[in-house]
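Novice: heads up, no residue letters with this:
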(Lines give C-alpha, C1' and ligand atoms only; values in the text may rest on other atoms or scores of the structure.)
Protein backbone atom coordinates (compact mmCIF):
# COMPACT_ATOMS: atom_id res chain seq x y z
CA UNK A 1 0.00 0.00 0.00
CA UNK A 2 1.01 3.64 -0.30
CA UNK A 3 1.88 6.07 2.47
CA UNK A 4 1.68 9.76 1.52
CA UNK A 5 3.80 12.20 3.47
CA UNK A 6 2.94 15.88 3.90
CA UNK A 7 5.46 18.29 2.38
CA UNK A 8 5.98 19.71 5.87
CA UNK A 9 7.31 16.37 7.16
CA UNK A 10 9.03 15.05 4.04
CA UNK A 11 12.54 16.01 5.13
CA UNK A 12 12.33 13.30 7.78
CA UNK A 13 11.24 10.66 5.25
CA UNK A 14 14.16 10.97 2.83
CA UNK A 15 12.30 13.73 0.97
CA UNK A 16 9.81 11.18 -0.37
CA UNK A 17 6.21 12.25 -0.91
CA UNK A 18 4.94 8.72 -1.34
CA UNK A 19 6.41 5.53 0.08
CA UNK A 20 5.40 1.99 -0.86
CA UNK A 21 4.90 -0.09 2.31
CA UNK A 22 3.68 -3.62 3.02
CA UNK A 23 -0.06 -3.59 3.81
CA UNK A 24 -0.97 -4.22 7.44
CA UNK A 25 -2.34 -2.01 10.19
CA UNK A 26 -1.55 1.65 10.94
CA UNK A 27 0.78 0.34 13.62
CA UNK A 28 2.77 -1.93 11.31
CA UNK A 29 2.96 0.73 8.59
CA UNK A 30 4.29 3.30 11.09
CA UNK A 31 6.75 0.72 12.39
CA UNK A 32 7.94 0.03 8.83
CA UNK A 33 8.32 3.75 8.07
CA UNK A 34 10.19 4.58 11.27
CA UNK A 35 12.50 1.59 10.81
CA UNK A 36 13.26 2.66 7.24
CA UNK A 37 13.62 6.35 8.16
CA UNK A 38 15.04 6.79 11.69
CA UNK A 39 14.53 10.58 11.46
CA UNK A 40 10.81 9.96 11.03
CA UNK A 41 10.63 8.31 14.44
CA UNK A 42 11.94 11.49 16.03
CA UNK A 43 9.42 13.73 14.32
CA UNK A 44 6.39 11.46 14.85
CA UNK A 45 6.97 10.25 18.40
CA UNK A 46 8.15 11.80 21.64
CA UNK A 47 10.54 10.18 24.12
CA UNK A 48 7.72 8.15 25.67
CA UNK A 49 6.76 6.78 22.25
CA UNK A 50 3.52 8.80 22.19
CA UNK A 51 2.49 10.36 18.91
CA UNK A 52 3.37 14.08 18.94
CA UNK A 53 0.49 16.52 19.26
CA UNK A 54 0.76 17.94 15.77
CA UNK A 55 0.75 14.60 13.94
CA UNK A 56 -2.43 13.32 12.30
CA UNK A 57 -2.79 9.93 10.61
CA UNK A 58 -5.48 9.52 7.98
CA UNK A 59 -6.54 6.45 6.04
CA UNK A 60 -8.28 7.88 2.99
CA UNK A 61 -10.55 10.59 4.38
CA UNK A 62 -10.84 9.03 7.81
CA UNK A 63 -8.90 10.22 10.85
CA UNK A 64 -6.95 7.28 12.31
CA UNK A 65 -4.83 9.24 14.79
CA UNK A 66 -6.29 7.56 17.89
CA UNK A 67 -4.08 4.58 18.79
CA UNK A 68 -7.09 2.28 19.22
CA UNK A 69 -7.60 2.49 15.45
CA UNK A 70 -4.08 1.32 14.79
CA UNK A 71 -4.96 -2.37 14.93
CA UNK A 72 -7.56 -2.31 12.14
CA UNK A 73 -6.45 -4.34 9.14
CA UNK A 74 -5.90 -2.17 6.03
CA UNK A 75 -6.06 -3.36 2.45
CA UNK A 76 -3.53 -2.95 -0.35
CA UNK A 77 -5.72 -0.21 -1.92
CA UNK A 78 -5.88 1.91 1.26
CA UNK A 79 -3.87 5.11 1.32
CA UNK A 80 -2.28 6.22 4.54
CA UNK A 81 -1.57 9.93 4.98
CA UNK A 82 0.82 11.41 7.52
CA UNK A 83 -0.15 15.05 8.00
CA UNK A 84 0.46 17.84 10.50
CA UNK A 85 -2.37 19.49 12.43
CA UNK A 86 -1.59 23.16 12.08
CA UNK A 87 -3.16 25.02 14.98
CA UNK A 88 -2.47 27.66 17.58
CA UNK A 89 -3.95 30.53 19.45
CA UNK A 90 -3.46 34.20 20.15
CA UNK A 91 -1.06 34.98 22.97
CA UNK A 92 -2.61 35.79 26.32
CA UNK A 93 -6.18 35.45 25.26
CA UNK A 94 -8.50 36.32 28.09
CA UNK A 95 -11.29 33.89 28.89
CA UNK A 96 -13.61 36.93 28.81
CA UNK A 97 -14.17 38.11 25.26
CA UNK A 98 -14.04 41.75 24.15
CA UNK A 99 -17.80 42.13 23.72
CA UNK A 100 -18.40 41.20 27.36
CA UNK A 101 -15.55 43.45 28.49
CA UNK A 102 -16.97 46.40 26.53
CA UNK A 103 -20.44 45.85 28.00
CA UNK A 104 -19.07 46.72 31.47
CA UNK A 105 -18.67 50.20 32.90
CA UNK A 106 -16.65 51.36 35.88
CA UNK A 107 -18.29 54.05 38.02
CA UNK A 108 -16.47 56.61 40.22
CA UNK A 109 -16.60 54.26 43.15
CA UNK A 110 -15.01 51.45 41.10
CA UNK A 111 -12.26 53.80 39.92
CA UNK A 112 -11.36 54.56 43.55
CA UNK A 113 -11.79 51.03 44.82
CA UNK A 114 -9.69 49.37 42.12
CA UNK A 115 -7.07 52.12 41.81
CA UNK A 116 -4.21 49.68 42.47
CA UNK A 117 -5.29 47.50 39.55
CA UNK A 118 -5.90 50.45 37.26
CA UNK A 119 -2.33 51.63 37.89
CA UNK A 120 -0.93 48.44 36.38
CA UNK A 121 -0.61 48.88 32.65
CA UNK A 122 -1.30 45.20 31.98
CA UNK A 123 -4.62 45.38 33.84
CA UNK A 124 -5.83 48.96 33.52
CA UNK A 125 -9.48 49.75 32.67
CA UNK A 126 -9.85 46.91 30.15
CA UNK A 127 -8.54 44.31 32.56
CA UNK A 128 -10.71 45.55 35.42
CA UNK A 129 -13.76 45.41 33.15
CA UNK A 130 -12.92 41.82 32.27
CA UNK A 131 -12.68 41.03 35.99
CA UNK A 132 -16.07 42.66 36.50
CA UNK A 133 -17.59 40.65 33.64
CA UNK A 134 -16.17 37.32 34.89
CA UNK A 135 -18.38 34.60 36.35
CA UNK A 136 -16.45 32.28 38.66
CA UNK A 137 -17.31 29.22 40.74
CA UNK A 138 -15.40 28.28 43.88
CA UNK A 139 -15.90 24.65 44.94
CA UNK A 140 -15.23 24.32 48.64
CA UNK A 141 -15.12 27.11 51.21
CA UNK A 142 -12.43 25.57 53.39
CA UNK A 143 -8.86 26.74 53.88
CA UNK A 144 -7.99 27.20 50.18
CA UNK A 145 -11.43 28.65 49.58
CA UNK A 146 -10.82 31.17 52.37
CA UNK A 147 -7.96 32.80 50.49
CA UNK A 148 -9.52 32.39 47.06
CA UNK A 149 -12.94 33.79 47.92
CA UNK A 150 -11.61 36.82 49.78
CA UNK A 151 -9.15 37.79 47.05
CA UNK A 152 -11.55 37.26 44.17
CA UNK A 153 -14.28 39.26 45.91
CA UNK A 154 -11.82 42.00 46.85
CA UNK A 155 -10.42 42.13 43.30
CA UNK A 156 -13.93 42.77 42.00
CA UNK A 157 -14.82 39.52 40.20
CA UNK A 158 -18.35 40.40 39.08
CA UNK A 159 -20.11 37.11 39.80
CA UNK A 160 -18.93 34.53 42.32
CA UNK A 161 -20.71 31.36 43.34
CA UNK A 162 -19.42 29.29 46.24
CA UNK A 163 -20.53 25.68 46.77
CA UNK A 164 -20.01 23.99 50.15
CA UNK A 165 -22.33 21.90 52.31
CA UNK A 166 -20.33 21.84 55.54
CA UNK A 167 -20.79 23.68 58.81
CA UNK A 168 -17.94 25.63 60.37
CA UNK A 169 -16.14 23.47 62.95
CA UNK A 170 -13.84 24.68 65.71
CA UNK A 171 -10.95 22.81 64.03
CA UNK A 172 -11.51 24.90 60.89
CA UNK A 173 -10.80 28.27 62.45
CA UNK A 174 -7.02 27.79 62.62
CA UNK A 175 -6.62 27.70 58.84
CA UNK A 176 -9.94 28.80 57.34
CA UNK A 177 -9.50 32.50 57.85
CA UNK A 178 -12.87 33.37 56.31
CA UNK A 179 -14.51 32.40 59.57
CA UNK A 180 -14.32 33.66 63.13
CA UNK A 181 -14.93 31.77 66.34
CA UNK A 182 -18.52 32.90 66.47
CA UNK A 183 -19.25 31.21 63.15
CA UNK A 184 -18.69 27.74 64.67
CA UNK A 185 -21.61 25.41 63.86
CA UNK A 186 -23.04 27.81 61.26
CA UNK A 187 -23.31 26.58 57.67
CA UNK A 188 -20.27 27.80 55.75
CA UNK A 189 -22.53 29.05 52.97
CA UNK A 190 -24.18 31.49 55.39
CA UNK A 191 -20.98 32.59 57.11
CA UNK A 192 -19.16 33.23 53.80
CA UNK A 193 -22.04 35.40 52.58
CA UNK A 194 -21.71 37.69 55.60
CA UNK A 195 -17.96 37.92 55.18
CA UNK A 196 -18.08 38.74 51.46
CA UNK A 197 -20.78 41.37 52.00
CA UNK A 198 -18.32 43.20 54.24
CA UNK A 199 -15.57 43.00 51.62
CA UNK A 200 -17.44 44.14 48.52
CA UNK A 201 -21.17 44.72 48.16
CA UNK A 202 -20.75 45.63 44.50
CA UNK A 203 -20.53 42.05 43.24
CA UNK A 204 -23.08 39.31 42.63
CA UNK A 205 -22.32 36.74 45.29
CA UNK A 206 -24.06 33.45 45.83
CA UNK A 207 -23.23 30.65 48.27
CA UNK A 208 -25.01 27.32 47.90
CA UNK A 209 -25.24 24.92 50.81
CA UNK A 210 -25.16 21.80 48.63
CA UNK A 211 -22.80 18.93 47.91
CA UNK A 212 -21.68 18.66 44.31
CA UNK A 213 -22.58 15.33 42.74
CA UNK A 214 -22.88 13.98 39.23
CA UNK A 215 -26.58 14.82 39.22
CA UNK A 216 -26.29 18.54 39.98
CA UNK A 217 -22.80 19.61 38.89
CA UNK A 218 -23.60 20.49 35.28
CA UNK A 219 -26.48 22.68 36.35
CA UNK A 220 -24.32 24.40 38.99
CA UNK A 221 -21.45 25.06 36.54
CA UNK A 222 -23.53 26.00 33.51
CA UNK A 223 -22.92 29.54 32.27
CA UNK A 224 -19.74 30.16 34.27
CA UNK A 225 -16.33 31.10 32.85
CA UNK A 226 -13.97 29.53 35.35
CA UNK A 227 -13.99 26.95 38.14
CA UNK A 228 -11.63 26.96 41.12
CA UNK A 229 -11.26 23.58 42.76
CA UNK A 230 -10.67 24.15 46.48
CA UNK A 231 -11.94 20.73 47.60
CA UNK A 232 -10.04 18.24 49.73
CA UNK A 233 -10.95 14.85 48.28
CA UNK A 234 -10.33 12.90 45.09
CA UNK A 235 -13.94 12.12 44.33
CA UNK A 236 -14.81 15.82 44.12
CA UNK A 237 -11.62 16.65 42.23
CA UNK A 238 -12.28 14.12 39.46
CA UNK A 239 -15.97 15.06 39.31
CA UNK A 240 -15.11 18.77 38.97
CA UNK A 241 -12.38 18.06 36.40
CA UNK A 242 -14.71 15.90 34.31
CA UNK A 243 -17.59 18.39 34.40
CA UNK A 244 -15.21 21.20 33.42
CA UNK A 245 -13.86 19.24 30.44
CA UNK A 246 -17.33 18.24 29.27
CA UNK A 247 -18.70 21.79 29.62
CA UNK A 248 -15.49 23.29 28.20
CA UNK A 249 -14.79 25.44 31.29
CA UNK A 250 -11.17 25.95 32.38
CA UNK A 251 -10.27 25.01 35.93
CA UNK A 252 -7.67 26.23 38.41
CA UNK A 253 -6.81 23.27 40.59
CA UNK A 254 -5.09 23.45 43.97
CA UNK A 255 -4.41 20.99 46.75
CA UNK A 256 -2.54 21.10 50.03
CA UNK A 257 -1.16 18.43 52.29
CA UNK A 258 0.75 18.98 55.53
CA UNK A 259 3.50 21.40 54.36
CA UNK A 260 3.14 21.04 50.61
CA UNK A 261 0.84 22.55 48.03
CA UNK A 262 0.14 22.20 44.32
CA UNK A 263 -1.50 24.46 41.76
CA UNK A 264 -2.27 23.79 38.10
CA UNK A 265 -4.64 24.79 35.30
CA UNK A 266 -6.67 22.12 33.56
CA UNK A 267 -9.05 22.01 30.60
CA UNK A 268 -7.78 25.31 29.25
CA UNK A 269 -7.88 25.71 25.45
CA UNK A 270 -7.69 22.00 24.81
CA UNK A 271 -4.82 21.55 27.29
CA UNK A 272 -4.35 18.63 29.68
CA UNK A 273 -6.82 17.69 32.42
CA UNK A 274 -6.43 16.20 35.90
CA UNK A 275 -6.75 12.69 34.40
CA UNK A 276 -3.80 13.37 32.06
CA UNK A 277 -1.71 14.11 35.17
CA UNK A 278 -3.16 11.49 37.51
CA UNK A 279 -5.09 8.80 35.58
CA UNK A 280 -6.19 7.31 38.89
CA UNK A 281 -6.53 8.49 42.49
CA UNK A 282 -4.36 6.80 45.11
CA UNK A 283 -5.92 3.91 46.98
CA UNK A 284 -8.33 5.17 49.66
CA UNK A 285 -6.72 5.47 53.06
CA UNK A 286 -3.22 5.70 51.58
CA UNK A 287 -3.10 9.49 51.42
CA UNK A 288 -4.98 11.11 54.28
CA UNK A 289 -6.99 14.29 53.56
CA UNK A 290 -6.15 17.53 55.36
CA UNK A 291 -8.77 16.57 57.91
CA UNK A 292 -6.72 13.49 58.77
CA UNK A 293 -3.17 14.34 57.73
CA UNK A 294 -3.10 17.89 59.05
CA UNK A 295 -1.75 21.04 57.45
CA UNK A 296 0.24 24.05 58.63
CA UNK A 297 -2.01 27.06 59.07
CA UNK A 298 -0.64 29.61 56.52
CA UNK A 299 -0.08 27.03 53.74
CA UNK A 300 -3.63 27.30 52.41
CA UNK A 301 -3.21 31.06 52.36
CA UNK A 302 -0.06 30.77 50.25
CA UNK A 303 -1.46 28.20 47.80
CA UNK A 304 -4.96 29.70 47.70
CA UNK A 305 -3.46 33.12 46.92
CA UNK A 306 -1.50 31.66 44.00
CA UNK A 307 -4.70 29.96 42.84
CA UNK A 308 -6.63 33.26 42.95
CA UNK A 309 -3.75 34.99 41.14
CA UNK A 310 -3.85 32.39 38.33
CA UNK A 311 -7.61 32.88 38.06
CA UNK A 312 -7.21 36.65 37.69
CA UNK A 313 -4.46 36.21 35.08
CA UNK A 314 -6.72 33.94 33.01
CA UNK A 315 -9.54 36.48 33.29
CA UNK A 316 -7.40 39.48 32.37
CA UNK A 317 -5.36 37.50 29.82
CA UNK A 318 -1.86 38.40 30.98
CA UNK A 319 1.39 36.74 31.93
CA UNK A 320 2.53 33.16 31.83
CA UNK A 321 0.21 30.81 33.59
CA UNK A 322 0.13 27.24 34.81
CA UNK A 323 -1.65 25.77 31.82
CA UNK A 324 0.04 22.45 31.11
CA UNK A 325 2.11 22.87 34.27
CA UNK A 326 1.95 21.96 37.91
CA UNK A 327 3.50 24.19 40.55
CA UNK A 328 4.59 22.42 43.71
CA UNK A 329 5.51 24.43 46.80
CA UNK A 330 7.18 22.96 49.88
CA UNK A 331 6.64 25.43 52.70
CA UNK A 332 8.80 23.50 55.15
CA UNK A 333 12.03 23.77 53.15
CA UNK A 334 10.93 26.73 50.99
CA UNK A 335 11.44 25.03 47.66
CA UNK A 336 9.18 25.21 44.65
CA UNK A 337 9.19 23.56 41.25
CA UNK A 338 7.15 23.77 38.08
CA UNK A 339 6.52 20.41 36.42
CA UNK A 340 5.26 20.04 32.87
CA UNK A 341 1.95 18.23 32.47
CA UNK A 342 1.52 16.68 29.06
CA UNK A 343 -1.81 16.05 27.44
CA UNK A 344 -2.37 12.31 27.35
CA UNK A 345 -3.67 11.11 23.99
CA UNK A 346 -5.02 8.05 25.80
CA UNK A 347 -6.94 10.13 28.38
CA UNK A 348 -10.50 8.75 28.58
CA UNK A 349 -11.85 12.28 29.11
CA UNK A 350 -9.92 14.58 26.78
CA UNK A 351 -7.76 12.21 24.69
CA UNK A 352 -8.23 11.10 21.12
CA UNK A 353 -10.80 8.40 21.85
CA UNK A 354 -13.01 9.60 24.65
CA UNK A 355 -14.92 7.12 26.78
CA UNK A 356 -16.20 9.49 29.48
CA UNK A 357 -18.96 11.42 27.75
CA UNK A 358 -21.13 12.37 30.72
CA UNK A 359 -20.60 12.65 34.47
CA UNK A 360 -24.00 11.13 35.12
CA UNK A 361 -23.04 7.75 33.68
CA UNK A 362 -19.75 7.58 35.56
CA UNK A 363 -19.35 5.85 38.89
CA UNK A 364 -17.06 8.12 40.94
CA UNK A 365 -17.45 6.07 44.13
CA UNK A 366 -16.16 3.03 42.30
CA UNK A 367 -13.37 4.94 40.50
CA UNK A 368 -12.05 6.32 43.78
CA UNK A 369 -12.30 2.89 45.43
CA UNK A 370 -14.91 4.12 47.89
CA UNK A 371 -17.37 1.39 47.03
CA UNK A 372 -17.16 -2.03 48.65
CA UNK A 373 -16.62 -4.37 45.76
CA UNK A 374 -18.69 -7.53 45.73
CA UNK A 375 -15.84 -10.01 45.69
CA UNK A 376 -14.10 -8.22 48.55
CA UNK A 377 -15.00 -9.46 52.02
CA UNK A 378 -16.56 -6.45 53.78
CA UNK A 379 -14.84 -5.20 56.90
CA UNK A 380 -16.97 -5.62 59.97
CA UNK A 381 -17.45 -2.45 61.94
CA UNK A 382 -18.14 -1.71 65.56
CA UNK A 383 -19.77 1.50 66.73
CA UNK A 384 -18.25 3.70 69.45
CA UNK A 385 -21.24 2.87 71.68
CA UNK A 386 -20.68 -0.89 71.35
CA UNK A 387 -16.96 -0.52 72.00
CA UNK A 388 -17.64 1.56 75.11
CA UNK A 389 -20.05 -1.09 76.37
CA UNK A 390 -17.50 -3.84 75.76
CA UNK A 391 -14.81 -1.83 77.55
CA UNK A 392 -17.09 -1.18 80.51
CA UNK A 393 -17.91 -4.90 80.83
CA UNK A 394 -14.28 -6.01 80.39
CA UNK A 395 -15.20 -8.06 77.33
CA UNK A 396 -12.09 -9.97 76.19
CA UNK A 397 -10.62 -8.23 73.14
CA UNK A 398 -7.40 -6.74 71.77
CA UNK A 399 -7.46 -3.10 70.69
CA UNK A 400 -4.82 -2.18 68.09
CA UNK A 401 -4.01 1.51 67.64
CA UNK A 402 -2.52 2.09 64.14
CA UNK A 403 -2.02 5.85 64.55
CA UNK A 404 1.33 7.62 64.32
CA UNK A 405 3.13 8.66 67.55
CA UNK A 406 2.32 12.38 67.15
CA UNK A 407 -1.35 11.57 66.73
CA UNK A 408 -1.36 9.47 69.87
CA UNK A 409 0.10 12.44 71.73
CA UNK A 410 -3.10 14.38 71.00
CA UNK A 411 -5.35 11.78 72.50
CA UNK A 412 -4.26 8.58 74.15
CA UNK A 413 -6.42 5.50 74.10
CA UNK A 414 -5.96 3.19 77.10
CA UNK A 415 -5.04 -0.49 76.98
CA UNK A 416 -4.10 -0.76 73.36
CA UNK A 417 -1.35 -2.48 71.43
CA UNK A 418 0.42 0.06 69.23
CA UNK A 419 1.35 -1.27 65.79
CA UNK A 420 1.94 1.08 62.85
CA UNK A 421 0.39 -0.22 59.61
CA UNK A 422 3.77 -0.94 58.05
CA UNK A 423 4.67 -3.43 60.82
CA UNK A 424 1.31 -5.23 61.03
CA UNK A 425 2.12 -8.25 58.90
CA UNK A 426 5.43 -8.76 60.69
CA UNK A 427 3.93 -8.43 64.17
CA UNK A 428 0.83 -10.54 63.50
CA UNK A 429 1.92 -13.04 66.17
CA UNK A 430 1.29 -10.46 68.92
CA UNK A 431 -2.44 -10.82 68.25
CA UNK A 432 -4.53 -13.62 69.74
CA UNK A 433 -6.77 -15.07 67.00
CA UNK A 434 -9.03 -16.64 69.68
CA UNK A 435 -10.35 -13.26 70.81
CA UNK A 436 -11.74 -10.30 68.87
CA UNK A 437 -9.34 -7.63 67.65
CA UNK A 438 -10.55 -4.03 67.27
CA UNK A 439 -8.58 -1.67 65.02
CA UNK A 440 -8.64 2.04 65.70
CA UNK A 441 -7.26 5.11 63.94
CA UNK A 442 -8.25 8.79 63.80
CA UNK A 443 -11.26 8.58 61.50
CA UNK A 444 -11.80 4.88 60.77
CA UNK A 445 -10.25 4.70 57.30
CA UNK A 446 -6.67 3.61 57.93
CA UNK A 447 -8.00 0.93 60.29
CA UNK A 448 -9.85 -0.64 57.33
CA UNK A 449 -6.57 -0.67 55.43
CA UNK A 450 -4.98 -2.37 58.47
CA UNK A 451 -7.61 -5.10 58.52
CA UNK A 452 -7.22 -5.74 54.79
CA UNK A 453 -3.43 -5.85 55.19
CA UNK A 454 -3.67 -8.49 57.91
CA UNK A 455 -6.20 -10.49 55.91
CA UNK A 456 -3.82 -10.57 53.00
CA UNK A 457 -1.05 -11.68 55.35
CA UNK A 458 -3.26 -14.64 56.32
CA UNK A 459 -4.45 -13.63 59.78
CA UNK A 460 -7.57 -15.63 60.60
CA UNK A 461 -8.85 -14.13 63.86
CA UNK A 462 -11.97 -11.97 64.06
CA UNK A 463 -11.28 -8.31 63.25
CA UNK A 464 -13.45 -5.24 63.71
CA UNK A 465 -13.03 -1.66 62.59
CA UNK A 466 -13.97 1.18 64.95
CA UNK A 467 -16.45 3.14 62.83
CA UNK A 468 -15.59 6.81 62.54
CA UNK A 469 -12.36 6.20 64.48
CA UNK A 470 -11.34 7.96 67.65
CA UNK A 471 -12.96 11.15 66.33
CA UNK A 472 -16.36 9.50 66.73
CA UNK A 473 -15.33 8.03 70.09
CA UNK A 474 -14.37 11.41 71.53
CA UNK A 475 -17.84 12.60 72.52
CA UNK A 476 -18.67 9.36 74.31
CA UNK A 477 -15.33 8.99 75.99
CA UNK A 478 -15.36 12.56 77.20
CA UNK A 479 -18.87 12.25 78.56
CA UNK A 480 -18.10 8.92 80.24
CA UNK A 481 -14.92 9.62 82.04
CA UNK A 482 -13.56 12.95 81.02
CA UNK A 483 -10.60 13.69 78.83
CA UNK A 484 -7.87 11.11 78.60
CA UNK A 485 -5.34 13.67 77.60
CA UNK B 1 13.97 25.53 21.47
CA UNK B 2 11.82 28.15 19.81
CA UNK B 3 13.58 31.14 18.26
CA UNK B 4 12.76 34.12 16.07
CA UNK B 5 13.67 33.71 12.43
CA UNK B 6 14.12 36.32 9.75
CA UNK B 7 12.56 35.53 6.41
CA UNK B 8 12.30 36.93 2.89
CA UNK B 9 8.95 37.47 1.23
CA UNK B 10 7.99 39.09 -2.08
CA UNK B 11 6.02 42.36 -1.78
CA UNK B 12 3.06 40.78 -3.61
CA UNK B 13 2.92 37.78 -1.25
CA UNK B 14 3.25 40.05 1.80
CA UNK B 15 0.42 42.21 0.52
CA UNK B 16 -1.81 39.21 -0.05
CA UNK B 17 -1.14 37.84 3.44
CA UNK B 18 -1.86 41.23 5.04
CA UNK B 19 -5.08 41.65 3.08
CA UNK B 20 -6.23 38.19 4.05
CA UNK B 21 -5.56 38.73 7.77
CA UNK B 22 -7.20 42.16 7.75
CA UNK B 23 -10.25 40.62 6.08
CA UNK B 24 -10.61 37.80 8.61
CA UNK B 25 -10.36 40.25 11.57
CA UNK B 26 -11.67 40.00 14.31
CA UNK B 27 -11.22 36.26 13.82
CA UNK B 28 -7.86 34.56 13.43
CA UNK B 29 -6.82 33.97 9.84
CA UNK B 30 -4.28 31.44 8.65
CA UNK B 31 -2.57 30.09 5.55
CA UNK B 32 0.44 28.45 3.97
CA UNK B 33 3.75 30.03 2.98
CA UNK B 34 5.19 28.70 -0.29
CA UNK B 35 8.46 29.58 -1.94
CA UNK B 36 11.73 28.30 -3.28
CA UNK B 37 14.40 26.08 -1.75
CA UNK B 38 16.40 29.11 -0.57
CA UNK B 39 13.60 29.88 1.91
CA UNK B 40 12.25 32.95 0.19
CA UNK B 41 8.43 33.21 0.24
CA UNK B 42 6.95 33.72 -3.23
CA UNK B 43 3.27 33.09 -2.69
CA UNK B 44 0.79 32.56 0.14
CA UNK B 45 -2.18 30.19 0.05
CA UNK B 46 -5.06 31.21 2.28
CA UNK B 47 -6.65 28.48 4.37
CA UNK B 48 -10.04 28.53 6.02
CA UNK B 49 -9.91 28.58 9.79
CA UNK B 50 -11.78 25.38 10.67
CA UNK B 51 -11.88 26.20 14.36
CA UNK B 52 -15.39 26.45 15.82
CA UNK B 53 -16.93 29.90 15.59
CA UNK B 54 -16.89 30.69 19.28
CA UNK B 55 -13.17 30.29 19.82
CA UNK B 56 -11.86 31.38 16.46
CA UNK B 57 -11.11 34.90 17.68
CA UNK B 58 -8.28 33.38 19.67
CA UNK B 59 -7.64 30.07 18.00
CA UNK B 60 -7.02 28.71 14.53
CA UNK B 61 -6.65 25.32 13.01
CA UNK B 62 -6.23 24.09 9.45
CA UNK B 63 -7.97 20.84 8.61
CA UNK B 64 -5.16 18.35 7.82
CA UNK B 65 -6.83 17.12 4.62
CA UNK B 66 -7.41 20.68 3.39
CA UNK B 67 -3.78 21.45 4.16
CA UNK B 68 -2.75 18.44 2.10
CA UNK B 69 -4.79 19.73 -0.87
CA UNK B 70 -3.19 23.18 -0.54
CA UNK B 71 0.25 21.58 -0.42
CA UNK B 72 -0.46 19.77 -3.68
CA UNK B 73 -1.69 23.02 -5.24
CA UNK B 74 1.49 24.84 -4.19
CA UNK B 75 3.74 22.03 -5.37
CA UNK B 76 1.98 21.91 -8.73
CA UNK B 77 3.22 25.47 -9.15
CA UNK B 78 6.73 24.30 -8.36
CA UNK B 79 6.91 25.68 -4.80
CA UNK B 80 8.17 24.15 -1.56
CA UNK B 81 6.15 24.50 1.63
CA UNK B 82 8.13 26.80 3.91
CA UNK B 83 5.69 27.24 6.75
CA UNK B 84 2.46 28.83 7.92
CA UNK B 85 1.11 32.20 8.91
CA UNK B 86 -1.68 33.23 11.26
CA UNK B 87 -2.94 36.37 12.95
CA UNK B 88 -3.33 37.39 16.58
CA UNK B 89 -6.34 39.75 16.55
CA UNK B 90 -5.87 42.65 19.02
CA UNK B 91 -2.84 40.89 20.45
CA UNK B 92 0.92 41.12 20.11
CA UNK B 93 2.69 39.06 17.45
CA UNK B 94 4.23 37.05 20.27
CA UNK B 95 4.15 33.28 20.09
CA UNK B 96 1.64 31.78 22.54
CA UNK B 97 1.87 28.64 24.64
CA UNK B 98 -0.82 27.15 22.41
CA UNK B 99 1.26 27.91 19.32
CA UNK B 100 4.41 26.42 20.83
CA UNK B 101 2.78 23.12 21.68
CA UNK B 102 1.46 22.63 18.15
CA UNK B 103 4.52 23.65 16.13
CA UNK B 104 5.99 21.37 13.49
CA UNK B 105 9.78 21.51 13.94
CA UNK B 106 11.87 23.46 11.41
CA UNK B 107 8.82 25.02 9.73
CA UNK B 108 8.55 28.80 9.62
CA UNK B 109 5.65 30.22 11.65
CA UNK B 110 4.79 33.80 10.81
CA UNK B 111 2.55 35.61 13.27
CA UNK B 112 0.94 38.96 12.48
CA UNK B 113 -0.58 41.24 15.06
CA UNK B 114 -3.85 42.72 13.77
CA UNK B 115 -5.00 45.69 15.84
CA UNK B 116 -8.49 46.98 15.09
CA UNK B 117 -8.31 45.49 11.60
CA UNK B 118 -4.90 46.91 10.73
CA UNK B 119 -1.97 44.52 10.34
CA UNK B 120 0.91 45.64 12.54
CA UNK B 121 4.01 43.78 13.64
CA UNK B 122 4.88 40.55 11.79
CA UNK B 123 7.35 38.12 13.36
CA UNK B 124 8.68 34.73 12.22
CA UNK B 125 9.42 31.85 14.59
CA UNK B 126 10.82 28.38 14.25
CA UNK B 127 11.21 25.37 16.52
CA UNK B 128 14.19 22.99 16.60
CA UNK B 129 13.59 19.29 16.51
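Specialist: Arrived safely. As the structure is a computational prediction, the values presented were derived from the model and not from experiment. Numbering: from 1, shown residues only, chains lettered A, B, ... in the order given.
Novice: does any bit of the helix or strand containing residue B:82 sit next to chain A?
Specialist: Under the criterion of DSSP states H and E, residue B:82 resides in strand B:80-89. Yes: judged by Cβ under 8 Å from any Cβ of the partner chain, strand B:80-89 and chain A are in contact via B:80-81, B:84, B:86, B:88-89. (C-beta placed from N, C-alpha, C; glycine too.)
Novice: Identify the residues contacting stretch A:311-323?
Specialist: A:92-96, A:122-123, A:127, A:130-131, A:134, A:136, A:148, A:152, A:155, A:157, A:225-226, A:228, A:250, A:252, A:263-265, A:268-269, A:271, A:310, A:338, B:97 (Cβ atoms under 8 Å, 6 or more residues apart in numbering or on different chains).
Novice: tell me the phi and psi of residue A:59?
Specialist: Main-chain torsions, residue A:59, degrees, to the nearest 10: phi -120, psi 110.
Novice: Quick one: neighbours of it, just the number.
Specialist: 19 (other Cβ atoms under 10 Å in any protein chain shown).
Novice: so it makes contact with residue A:78?
Specialist: Yes: contact criterion Cβ atoms under 8 Å: residue A:59 and residue A:78 qualify, at 5.4 Å.
Novice: what about the chain, any weak spots by pLDDT?
Specialist: Went with chain A since none was named. Within chain A, the segments meeting pLDDT under 70 span A:89-92, A:284-292, A:371-377, A:475-485.
Novice: sorry, should have said chain B
Specialist: B:50-58, B:97.
Novice: now the helices: where do they sit in it?
Specialist: B:11-24, B:64-76, B:97-102 (DSSP state H).
Novice: So for the chain, which residue is the most central one in space?
Specialist: No chain specified, so I'll use chain A. residue A:237 (3.7 Å; Cα atoms, centre = their mean).
Novice: Wait, chain B was what I had in mind.
Specialist: Centre-nearest of chain B using Cα atoms, centre = their mean is residue B:85, 0.6 Å out.
Novice: Can you name the residues that contact the nearest residue to it once chain neighbours are set aside?
Specialist: Excluding the flanking residues, the one nearest residue B:85 by Cβ to Cβ, 6 or more residues apart in numbering or on different chains is residue B:110, at 4.0 Å. By Cβ under 8 Å, 6+ apart, the contact list for residue B:110 reads B:7, B:17, B:33, B:83-86, B:122-125.
Novice: Quick check: beta-bridge partners of residue B:110?
Specialist: Beta-bridge partners for residue B:110, by DSSP bridges, are residue B:85, residue B:124.
Novice: list the contacts for residue A:256?
Specialist: By Cβ under 8 Å, 6+ apart, residue A:256 lies in contact with A:143-144, A:262, A:290, A:295, A:299-300, A:303.
Novice: Among these, which ones are in strands?
Specialist: residue A:262 (DSSP state E).
Novice: Who wins on neighbours among the contacts of residue A:256?
Specialist: Neighbour counts for these (other Cβ under 10 Å) peak at residue A:144, which has 33 neighbours.
Novice: From chain A, how far out is residue B:31?
Specialist: From residue B:31 across to chain A, the span is 10 Å (Cβ to the nearest Cβ, to the nearest Å).
Novice: For that residue, list the residues it contacts.
Specialist: Counted by Cβ under 8 Å, 6+ apart, residue B:31 has contacts B:17, B:20, B:44-47, B:84-86.
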